[in-house]
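Asker: Predicted coordinates and the sequence they were generated for:
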Amino acid sequence: MAEPAPAIELERTDPPPAAAILPLHPGLAVARGYARARMEGVSDDPRTARAAESQAWLRSLRATGPERERAVRDLHALLLGAARFEVGRRRAALSHVRGEELDDIALQAADDATVAVLGKLGEFRGASRFTTWAYKFALLEAGVRLRRRAFQEREVVLDGEGWKRFAARRGSPTAAAEQSELLTALRDAIDEALTAHQRQVFVALALNETPVDVLSEQLATTRGALYKTLHDARRKLRDRLVAEGHLAAVPAGDRKEGIR
Amino acid sequence: MNERPADGSVTAVSRLLGPDGYEVSCEECFARIDEYVELELEGADADERIPGFRNHLEGCPACHEDYESLRALVADGRS
């Protein structure tokens, strides 16, 4: 999605050792402590308590002076915990990456997510807890960086490499014939029904399974723009295969809207 | 889709073609992913409340990963 924002000045301790990156999120302790400190005597009703906790975050982040500085530090700690959680979830796929680099990725993600959250406080509508809303910015920043890092030594393939997966399949003669017919129809549709850009995006994302955040960097665009192109390409292909009798039609009511 | 070969080829083609029905965009997915996750964890019918969200998760691997991470993180915080 958007390019990472510039780093902000935050009071921080030295980077944690590699062993500190575990599938835990130390920011949780911050959130719980923050909530407890703000919630004393407010309410036992979960919904009321949730709203009050969120409002406490907003008040402090919109305050001035020491209260805001403390709230920003708390927010950064919360988001660093979320970013480390994401690193921990993806660690198996990143076993070739040094722990210090993963620490740095988590820290950069937390920095940029903090900037994003502070810039978007006005967009928080209370549909979830403030902490859940804020977490998603850290997970996005960390996830994009980690997908790109995991793919860094690989080549983005824009031709039909992915067809090999289908060619390798075996089945009964009838199944093989049906598969051959369907795949031929699909390949024809890709060649004839799509624009050059739609074909490039469809082949890279759907056929070759290139991560969208890798392709967006390669093509200098956004995840949303690429997915919209993929969606339109899929719609064209499906319509054509339905028209040719290879696929069953979808009820009209389910298709009246598309991605805006 | 109707009768399909037993070797999984149509499942693979279905994956290529993505979900059949209406789906939200990546931008709307990000805007509402926190709400969707909390509705799910509260046992509410998140798909009824946010139509097209589940379809998008099925069609967009990156948003699906973000969703799984947020759900795991929030669930972990509740345990």
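Answerer: It's in. In this text, all values refer to a predicted model and were calculated from it rather than measured experimentally. Numbers count the residues shown, from 1 in each chain, chains lettered A, B, ... in the order given.

Asker: Next one, pLDDT for residue 21 please.
Answerer: In the absence of a named chain, chain A is used. Here, the pLDDT recorded for A:I21 equals 37.

Asker: that's the wrong chain, I wanted chain B
Answerer: So, for B:G21, pLDDT stands at 88.

Asker: contacting residues around the spatially most central residue of chain B?
Answerer: Nearest to the centroid of the C-alpha atoms of chain B, with distances taken as CA atoms, centre = their mean, sits B:L57, at 2.7 Å. Residues in contact with B:L57, defined by CB atoms under 8 Å, 6 or more residues apart in numbering or on different chains, are B:C29, B:C63, B:H64, B:Y67. Using the backbone N, CA and C atoms, a C-beta is placed for each residue, glycine as well.

Asker: repeat that for 6 Å
Answerer: B:H64, B:Y67 (CB atoms under 6 Å, 6 or more residues apart in numbering or on different chains).

Asker: Next, the residues that contact the lengthiest helix in chain B from outside, please.
Answerer: Assignment by DSSP state H gives helix B:61-78 as the longest helix of chain B. The contact list for helix B:61-78 (CB under 6 Å, 6+ apart) reads A:28, A:82, A:85-86, A:132, A:135-136, A:139, A:143, A:212-213, B:26, B:29, B:33, B:37, B:57.

Asker: least trustworthy helix or strand in the chain by mean pLDDT?
Answerer: Let's take chain A. helix A:27-39 (a mean of 55; mean pLDDT, DSSP states H and E).

Asker: could you do chain B instead?
Answerer: That would be, for chain B by mean pLDDT, DSSP H and E, helix B:9-17 at a mean of 78.

Asker: from the middle of its chain, how far away would stretch B:23-43 be?
Answerer: 9 Å (CA atoms, centre = their mean, to the nearest Å).

Asker: tell me the phi and psi of A:T195?
Answerer: phi -70, psi 170 (degrees, to the nearest 10).

Asker: neighbours around it, how many?
Answerer: A total of 12 residues lie near A:T195 under the criterion other CB atoms under 10 Å in any protein chain shown.

Asker: Could I get the buried residue list for the longest helix of chain B?
Answerer: B:61-63, B:65-67, B:69-74, B:77 (16 or more other CB atoms under 10 Å in any protein chain shown).

Asker: Make CSV from these and add distance to B:G18 to it.
Answerer: Formatted as CSV, these follow (distance: CB to CB, whole Å):
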residue, distance to B:G18
B:P61, 11
B:A62, 13
B:C63, 12
B:E65, 16
B:D66, 17
B:Y67, 16
B:S69, 21
B:L70, 22
B:R71, 22
B:A72, 24
B:L73, 27
B:V74, 27
B:G77, 32
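
Asker: Need the pLDDT of the closest residue in space to A:H246 that isn't next to it in sequence.
Answerer: Counting by CB to CB, 6 or more residues apart in numbering or on different chains, A:H246 lies nearest to A:A185, which is 5.0 Å off, once chain neighbours are set aside. Note on A:A185: pLDDT of 92.

Asker: now the helices: where do they sit in the stretch 1-150 of chain A?
Answerer: A:27-39, A:46-62, A:65-90, A:99-119, A:130-150 (DSSP state H, counting those that start in this stretch).
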